[in-house]
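[1] A predicted structure for the sequence below; I have some questions about it.
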Amino acid sequence: MFNGILVRYGEIGTKGKNKEFFEKRLAENIKNALKRNEIPYINVHRLPGRVLVETFEIEKCEKVLKKIFGIRSFSPVVIANANLEEILEKVYKIIENANAKSFAVRVNNADNSLKENSQKLNEIIGERVVKKYGLKVNLEKPELLVGIELRRGMGYVFTEKFEGPGGLPVGSAGRAVCLLSGGIDSAVAAYFAMKRGLKAILLHFDGGKFFSNKEKITKIAEKLEEYNGKTKLIIYNYEDVLEKISEIKEKKYICVLCKRAMKKIAERVCTEEGAQCIVTGESLSQVASQTIENLNAEQYQIEKIILQPLIGFDKEEVIKIAKEIGTYEISIKNTGECRAKPRAPATRSKIKKIIEIEKDLKI
């Protein structure tokens, strides 16, 4: 019965003169996602305040749309001309297939495609349904809620509304190098960067004999690609760098120097990939390396902005989101701790001290 999906957006509607840019990006992301998942569609085009996906593959589309940022909600629709009798025919077919005893009608005549206003259309359609089928009207808790949106000379009849992930379309805010460790936090941080419109380039440091998560990282990257679209994963051979860092005399500074080296490398990757920022998974004071003093030392003289989406989250909140987006079960697979990690890491590192040690490393 349904031959399209009407997509609604939220924050995009507040963008004023830039609204068209965000709408186009959302429509393009939808097309790319359908192609990537080999889902046939007739067209994806913009309506005033909406995006319409013309397709008969409704269930397959629903699974994809739930992971496209910028979408607030969407509904499978029956498409009709903005003609009262034609719309009523579609409503009748829905009623006949619904087996409901009570109903309500909600019309949104957004651009006066019909001369009657929304309330009047509610009354007309409701009266005709009661007369034809004898159903009861229940405006509070109807068994069947029939929604009708009228836009640009067309009518869209629906009975369900599914939630989307919200946010802004991926790619609308630029590009980011997201550090991906293989743990729970970094994947969630990358997810939130995407939600704010950043196209993620994933950067993982392979520590060789010190730590190696390459198999796990590939699976996490594949899961994040469902939200990010086609994704570049860079695996950096970090063993030699960590070897030198692990040989310092004052072992307690190993973690801070390691994180600092990673961020310096990430900054170079930003330049090479045309990215504007770095995204990391730190949560303030969650572990020893994430105190204010350590974060300050790690980021000293890094010119690219470093975004930390999880800075105010606690672990349980991060775990909840990781489970929702499908990265948790992959992330918790044990690959062992870093063998270079000291027994008692520094928690109050001074920038001056870190720079002195770093100069002698000659990395």
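    Looks like it came in fine.
[2] got the phi/psi numbers for A322?
    For A322, the backbone dihedrals (degrees, to the nearest 10) come out as phi -60, psi -40.
[3] so what's it up against?
    With contact set as C-beta atoms under 8 Å, 6 or more residues apart in numbering, A322 has these partners: 184, 187-188, 328, 331. Using the backbone N, CA and C atoms, a C-beta is placed for each residue, glycine as well.
[4] from the centre of this structure, give me the residue that's furthest out.
    Computed with C-alpha atoms, centre = their mean, the residue of the chain farthest from its C-alpha average is K131, at 45.8 Å.
[5] so which strand or helix has that one?
    Here K131 sits within helix 118-133, counting by DSSP states H and E.
[6] which strands and helices sit next to the helix or strand that that helix is followed by?
    Reading on from helix 118-133 to the C-terminus, the next helix or strand found by DSSP H and E is strand 136-137. Judged by 3 or more C-beta pairs under 8 Å, 6 or more residues apart in numbering; DSSP states H and E, strand 136-137 is in contact with strand 102-109, helix 118-133.
[7] which secondary structure elements does the lengthiest helix in the chain sit against?
    Longest helix in the chain by number of residues (criterion: DSSP state H): helix 254-273. When contacts are defined as 3+ C-beta pairs under 8 Å, 6+ apart, helix 254-273 packs onto strand 174-179, strand 198-206, strand 232-237, helix 239-246, strand 277-279, helix 292-299, helix 351-361.
[8] ok, now which ones touch F158?
    By C-beta under 8 Å, 6+ apart, the contact set of F158 is 2, 6, 75-78, 146-149.
[9] and which of the residues you listed is nearest E89?
    Lowest distance from E89 to the contacts of F158 (C-beta to C-beta) belongs to V78, with 9.5 Å.
[10] quick one on the thing from earlier: could I get the contacts of F158 as a markdown table with pLDDT?
    Shown next, in a markdown table, are those (pLDDT from 0 to 100):
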| residue | pLDDT |
| --- | --- |
| F2 | 94 |
| L6 | 98 |
| S75 | 98 |
| P76 | 97 |
| V77 | 97 |
| V78 | 97 |
| V146 | 96 |
| G147 | 97 |
| I148 | 97 |
| E149 | 96 |
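[11] top of those residues by number of neighbours, please.
    V77 (27 neighbours; other C-beta atoms under 10 Å).
[12] circling back: mind checking the helices and strands packed on strand 136-137 for the one nearest to I234?
    strand 102-109 (46.1 Å).
[13] show the contacting residues for the closest residue to K101 other than its chain neighbours.
    Of all residues not flanking K101 in the chain, E143 sits nearest, at 5.8 Å (C-beta to C-beta, 6 or more residues apart in numbering). Counting by C-beta under 8 Å, 6+ apart, E143 touches 98, 100-103.
[14] out of the residues you listed, which two sit at the greatest distance?
    A98 and S102 (10.6 Å).
[15] got any residues that touch both of these two?
    By C-beta under 8 Å, 6+ apart, the residues touching both A98 and S102 are 143-144.
[16] my read is that K24 contacts R46, right?
    Yes - K24 lies in contact with R46 (C-beta atoms under 8 Å); the separation is 7.3 Å.
[17] where in this protein is pLDDT low?
    Along the chain, no part satisfies pLDDT under 70.
[18] quick one: buried residues of stretch 307-315?
    Residues 307-311, 313 are the ones in stretch 307-315 that count as buried (16 or more other C-beta atoms under 10 Å).
[19] swap that for stretch 260-270, please
    By neighbour count with 16+ other C-beta under 10 Å, stretch 260-270 contains the buried residues 260-267, 269-270.
[20] that older thread, check which residues of the helix holding K131 are buried.
    Result for helix 118-133 [16+ other C-beta under 10 Å]: buried residues 118, 121-122, 124-126, 128-129.
[21] ok, those vs Y236, which is closest?
    The closest of the buried residues of helix 118-133, once distances to Y236 are taken by C-beta to C-beta, is S118, at 56.8 Å.
[22] spit out the contact partners of that closest one.
    So S118 contacts 107-109 (C-beta under 8 Å, 6+ apart).
[23] same question, K161
    Taking C-beta under 8 Å, 6+ apart as the test, what K161 contacts is 73-75, 147.
[24] tell me which two of these sit farthest apart.
    F74 and G147 (11.9 Å).
[25] using CSV, write down the CA coordinates of stretch 272-288.
    Output in CSV follows, covering the C-alpha atoms of stretch 272-288 (Å, rounded to 0.1, in the frame of the first residue of the first chain):
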residue,chain,number,x,y,z
GLU,A,272,46.7,15.5,4.9
GLU,A,273,43.0,14.7,4.9
GLY,A,274,41.6,18.2,4.9
ALA,A,275,40.0,17.9,8.3
GLN,A,276,39.4,20.8,10.6
CYS,A,277,39.5,19.1,14.1
ILE,A,278,40.5,16.1,16.2
VAL,A,279,38.0,14.1,18.2
THR,A,280,38.9,12.0,21.2
GLY,A,281,37.0,10.0,23.8
GLU,A,282,38.2,11.5,27.1
SER,A,283,35.8,11.9,30.0
LEU,A,284,37.1,14.2,32.7
SER,A,285,38.9,12.4,35.5
GLN,A,286,37.7,9.0,34.4
VAL,A,287,41.2,7.6,34.3
ALA,A,288,44.6,8.9,35.4
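[26] returning to what we had before: filter the contacts of S118 to the buried ones?
    The buried subset of the contacts of S118 - by 16+ other C-beta under 10 Å - is 107, 109.
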